[in-house]
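**Q** Following is a predicted model, sequence given first.
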Number of protein chains: 2
Amino acid sequence: MTEKSVVEILNSSILSQEIILKGWVRTFRSNRFIALNDGSTIKNIQCVIDFETTPEDTLKRITTGAAITVKGVVVESQGKGQSVEIQVSEIEILGDSNPEEYPIQPKKHSFEFLRENAHLRTRTNTFGAVMRVRSKLSFAVHTYFQENGFNYVNTPIITGSDAEGAGEMFRVTTLHPSKAPLTEDGNIDYSKDFFGKETNLTVSGQLEAEAYAMSLGKAYTFGPTFRAENSNTTRHLAEFWMIEPEVAFMDLDGNMDLAEDFIKSVLKYILKHCQDDLEFLNQRLLDEDKTKPMNDRSEMSLLEKLRFVVDNNFKRVSYTEAIDILRNSTPNKKKKFQYPINEWGADLQSEHERFLVETHFKCPVILYDYPANIKAFYMRLNDDGKTVRAMDVLFPGIGEIVGGSQREERFDVLVAKMKTLGIEEEELWWYLDLRKFGTAVHSGFGLGFERLVQFSTGMSNIRDVIPFPRTPQNAEF
Amino acid sequence: MTEKSVVEILNSSILSQEIILKGWVRTFRSNRFIALNDGSTIKNIQCVIDFETTPEDTLKRITTGAAITVKGVVVESQGKGQSVEIQVSEIEILGDSNPEEYPIQPKKHSFEFLRENAHLRTRTNTFGAVMRVRSKLSFAVHTYFQENGFNYVNTPIITGSDAEGAGEMFRVTTLHPSKAPLTEDGNIDYSKDFFGKETNLTVSGQLEAEAYAMSLGKAYTFGPTFRAENSNTTRHLAEFWMIEPEVAFMDLDGNMDLAEDFIKSVLKYILKHCQDDLEFLNQRLLDEDKTKPMNDRSEMSLLEKLRFVVDNNFKRVSYTEAIDILRNSTPNKKKKFQYPINEWGADLQSEHERFLVETHFKCPVILYDYPANIKAFYMRLNDDGKTVRAMDVLFPGIGEIVGGSQREERFDVLVAKMKTLGIEEEELWWYLDLRKFGTAVHSGFGLGFERLVQFSTGMSNIRDVIPFPRTPQNAEF
C-alpha cells in the first residue's frame, strides 16, 4: 500500500488501487463524506467512510482542520464534481481541530481577518491558490533567465552604501540602542558597529548586478529589498522581492524587448502549470464582480487579462508623446486630473499612467526617454541633453510593474552627474571602476515580484500575495 | 550578420559564418591574437586580427580588460587548445582599460587581493567559474524542489520574534541612533519604531516554513539569513543564503532520505551542466596540491569527491553509536582531541565530526538522535525522554552541511519544553496554533547554501563563494 498525494491520485489512473492518504479535513457531511485537502492541489478529494463501522468517538473528531490518515481504495465517484473518490477502510485522527476554537471555518472570511491569521490562511482555497501560483511564478522567473544564459547573483542585503536614493532605508546595527559609543564630537561612533560603519538594508541590487553583468555578461537578482516608507497602501510593502536582470552590451531597445519577452514567458508558464488554481481565482473574481455595480465590473476576466498580455504587443511610447496625449486628453481638458498636465517635464502620477494604459491604449505600455531630472543618476543621458534612456512598463490595474534604463556607461558623464547630485565619488569608487575599465553599453530593469503576483492572481491588496507581509506597525509572525 | 556569445560559437557549428562578438580582452599577444571572454563560458575565444591593416592607435588600446566589438568569420583554428577562432575583419574599442591602473592583470592574484576587488574578481577564471557554478547550483535547488511538489515560500527577513535562538541577531530600526524615544521608565520606546516593536534580521525561516508545510504539504525557503556573531573564520558569514525544506507527514527517516536525495541530485545537476567550470576548478586544485607536502594533499580530486558523494550512500549513525566510536578512537585514547570524549551527552566539536567523516567512515555521515539538551526546543523528543529526533549531515572538508529534525508536533510536550527554556507562549502563539489545529508529524532541515558551493567548487574560504561577503568590520560594495 503506497502513500499518495491528492494530486497524484487525481492525475493518474490508479482505480482499484489501495492507498494511504494524509491531509486536512475541509468539510465533513452526513457522517459519511470527508472533503480532504493536502495542499498538493486546490482540489479536495472525497473520502467516503462507513459510519456504521467507525467508532462514534472518531466520527466526532472529524472536524474542519483536523489532520487525518485514511487507508482505502480509489474508486469511480458516483457524486458530482469529481471523477474518483476514496472508499475508506481505515481512518486515524492525527491531530484534532476544536471547532469552537479553529479560526478557519468553512465559510467566507474577510481577507483582513485572514491576514491576522497568516499562519493558517493558506488552508483556504484562495490563499492556497495564490501561494502555489506565487511559487510557480518564482520558478518561471529562474527558468526564463537560466535558459537564456543569465547568472543568478545574490547581491548583498546589508549594504554600507546609501547612494542609490531609491527610498528611505532601515538601519542595521548591533550597537546598544540607547548607549551607543560616541565619537569625540558627540556623534555615534559607527566604527564600533558590527561592520565598522553605518549599514542599511538594501533598496536595490542593481549596482552590484551591474558589476556581474560587466564580467559574466548576463546577470539577474531575485531577492528581498526594503523601503522604510510610512506608506499604508494596498500597493506598498516595507519588505518585498525584486527581480533585477542586467545585461552587458544591451541598449534600451534590447531592454524593452527583454522586459516584454520575460513577462510574457512567465505568464505563459503559469497559464500552463497553474490551471486549476488560476481557474479558481478567475471564478472568485467573477463572483466578486457580480456583487458590484455594472460600471465597476472588469472588462476582462483574470484569465482573459493574462492571455491578453501574452498575446499582444506592449505599446512603446516616448515620454514626449505621452505628454502630448495627456495634455490633449478629455480628463485633462475637463480638469479631472488631480495634477493637470500643462507642460513637458511633469512627473507622471498614477492617474496619468492609468489613463494611458486603461483608457487610451488599453494594453500594457512601455514609456521611455524620460526627462533626466525626474530619474536616477545612473541612467544614460540622451544626445538631446535633457532626456535619459529610462523605461517604465505600465500594466492595467497595477501601474508601474517594471522600471529600467540603459545605464550611463561614460565615466566623465557619470562623474559630472554625481557631482551635481552631491554623490561622493569615494562612496561609489567600485561602481565608477566599471566605467574606468572596459566600460560598455549595458542595461537592466527592476520588477517588483509582488506586483507580478498581484497581476497573476487578481488579488487587489499586495499584503495578500506575500506570505507574511511587513508594513508600518506590523511585523507579526 | 548576427551577434553571438562565445558559448554559442563554441557549441554550434557555424563555420564560415560572419558574426559580431562583444567581450573583454583577456590577453593580446604578437599584435595579432586576442583572447576574448564574454562571461558566457570560462573559455576564451581567439580573435585573430591583421595588424598591418589595423591602425596603430587601435592596436595600443587592445589591453587586458578592454571591452571590444569584433566582426569576423568563424574559422577552424590552426593553433592548439581551440577548435575555432575568429578571423577579424573589423574591431572597435568600446571601453579602454589602462594597463597601469587595471587591477586584474593576466597573472596570479591572491584571493585576498581579489576580495578587495570583488566588483572585478568575476573577470578572473576562478571567480567566473565559481559564480557560474553557484548560479547553476541555485537553479538545481529550485528545480529539485519544484519537480518534487514543493512550494517556494519567501519567509520574512525582518522578524519580530527572537525565539529561535539560532544565534546573535542584527537589529533593524528607523529610530534615531542617539535620540530614540524613551518610555516612562527610561527604556527605548519601540512602539515608536517602524514596526511598532523591536525587530531583527531573521536567523532562519523554519518556523514560518512549518506553517506552509502544515497547509500546502511541502514547502521550501531559499533566502538570506543572518548571524551577528563576531566570527572571523573561513567558515562563517554574517549574511548567507539558506535552504530550508519542510514537509508535513514526514518523519526523521524521510527527512534523511530527502536530504541525501536532494544533495545528490543538485551535485548531479552541476556535474552535467558545469563541466567546463568544474574541470577548470578541478585542475586549479590539482595544481595547488602539487605545491603542498605529500601528507597535505587531497586523497581525491574535486571531481572525484563530487562523484563519490553522488554514487555512495551516506552513512547513518546514531549519536550514541558515534560517541562509542569516538570514545574508543585512537586520537581520543592518545589525548589528541582538544575536547576529549568521556561520556554520552558531550556536544560534538568540529574535530570529532572530522574524525568520523574523514578518518573513520570516509564518506558523508548522517548523525541522528542527539541528546535533547544540546539541541533546539522544537525538535521532537524520543520515547527515551533524553534524545531528540535531530540529524546533522557531515561532509568531508566542510563539516556540518545540513542540520534538521523531526519537529515536536505535540502541543503539550512543546509547551512544556518552551517553559523550561523560558520562551514565552505569547511570543510563538501562531507556532503553537500549528500544534493546536490539525497537528501532524512533520520534518525539515536547513542547508547553508555557501557550504554547498564551497564543497562544489573546492574553495576553502567561504568569502570566496558569495559575491560580496559580509563579515565583521566589512560591508564594502
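**A** It's in.
**Q** Helix or strand for the closest residue to A:Met169 other than its chain neighbours, just tell me which one.
**A** Of all residues not flanking A:Met169 in the chain, A:Asn200 sits nearest, at 3.9 Å (Cβ to Cβ, 6 or more residues apart in numbering or on different chains). Heads up, the C-betas are built off the backbone N, CA and C, glycines and all. In this structure, A:Asn200 sits in strand A:199-201 according to DSSP states H and E.
**Q** do the same with A:Ile68
**A** Secondary structure assigned from DSSP H and E places A:Ile68 in strand A:67-76.
**Q** Which is the succeeding secondary structure element to that strand?
**A** As assigned by DSSP H and E, the chain's next helix or strand after strand A:67-76 is strand A:84-95.
**Q** Just list the residues touching the residue nearest the centre of chain A, thanks.
**A** Residue closest to the mean C-alpha point of chain A, counted by Cα atoms, centre = their mean, is A:Glu450 at 1.8 Å. By Cβ atoms under 8 Å, 6 or more residues apart in numbering or on different chains, the contact list for A:Glu450 reads A:Leu237, A:Phe240, A:Trp241, A:Ile462, A:Val465, A:Ile466.
**Q** again, but for A:Thr471
**A** A:Asn232, A:His236, A:Leu237, A:Ala238, A:Arg463.
**Q** List the contacts of A:Gln349.
**A** Residues in contact with A:Gln349 (Cβ under 8 Å, 6+ apart) are A:Phe337, A:Gln338, A:Tyr339.
**Q** Can you give me the neighbour number for the last one?
**A** For A:Tyr339, the count of nearby residues is 13 (other Cβ atoms under 10 Å in any protein chain shown).
**Q** how far away is it from A:Asn332?
**A** Taken as Cβ to Cβ, to the nearest Å, the spacing of A:Tyr339 relative to A:Asn332 amounts to 10 Å.
**Q** any shared contact partners between those two?
**A** By Cβ under 8 Å, 6+ apart, A:Tyr339 and A:Asn332 have no common neighbours.
**Q** can you map out the helices along the stretch 201-350 of chain A?
**A** Remark: helices assigned in the stretch 201-350 of chain A by DSSP state H, counting those that start in this stretch are A:206-216, A:252-273, A:275-290, A:302-311, A:319-327, A:330-333, A:350-354.
**Q** got it, and the stretch 351-477 of chain A?
**A** Going by DSSP H, counting those that start in this stretch, the stretch 351-477 of chain A shows helices at A:411-421, A:429-436, A:449-457.
**Q** quick one: which of the ones you listed is nearest A:Met256?
**A** Of all those, helix A:449-457 sits nearest to A:Met256, with 17.2 Å by Cβ to Cβ.
**Q** Could you give the number of residues near A:Asn187?
**A** For A:Asn187, the count of nearby residues is 11 (other Cβ under 10 Å).
**Q** actually A:Thr234, not the one I typed
**A** Neighbour number of A:Thr234 under other Cβ under 10 Å is 11.
**Q** quick one: A:Ala36 and A:Lys4 touch, right?
**A** In this structure residue A:36 is Leu, not Ala. No. The criterion here is Cβ atoms under 8 Å, and A:Leu36 misses it with A:Lys4 at 11.7 Å.
**Q** low pLDDT regions in chain A?
**A** A:162-166 (pLDDT under 70).
**Q** tell me, what's touching A:Leu36 and A:Lys4 both at once?
**A** Common neighbours of A:Leu36 and A:Lys4 are listed as A:Leu21 (criterion: Cβ under 8 Å, 6+ apart).
**Q** mind listing what A:Asp369 touches?
**A** Counting by Cβ under 8 Å, 6+ apart, A:Asp369 makes contact with A:Ser318, A:Tyr319, A:Thr320, A:Asn382, A:Thr387, A:Val388, A:Arg389, A:Ala390.
**Q** try it again with 6 Å
**A** Contact analysis of A:Asp369 by Cβ atoms under 6 Å, 6 or more residues apart in numbering or on different chains lists A:Ser318, A:Tyr319, A:Thr387.
**Q** can you check A:Ile19 too?
**A** Counting by Cβ under 6 Å, 6+ apart, A:Ile19 makes contact with A:Lys4.
**Q** Just send the contacts of A:Gln349 back as a markdown table, with distance to B:Ile423 too.
**A** As requested, the contacts of A:Gln349 are exported to a markdown table (distance: Cβ to Cβ, whole Å):
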| residue | distance to B:Ile423 |
| --- | --- |
| A:Phe337 | 55 |
| A:Gln338 | 51 |
| A:Tyr339 | 52 |
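**Q** Leaving out the residues flanking it, which one is nearest to A:Asn232?
**A** Using Cβ to Cβ, 6+ apart, the closest residue to A:Asn232 is A:Pro472 (5.7 Å).
**Q** Which residue does the stretch 251-400 of chain A have closest to chain B?
**A** The minimum distance from the stretch 251-400 of chain A to chain B, using Cβ to the nearest Cβ, falls at A:His273 (9.4 Å).
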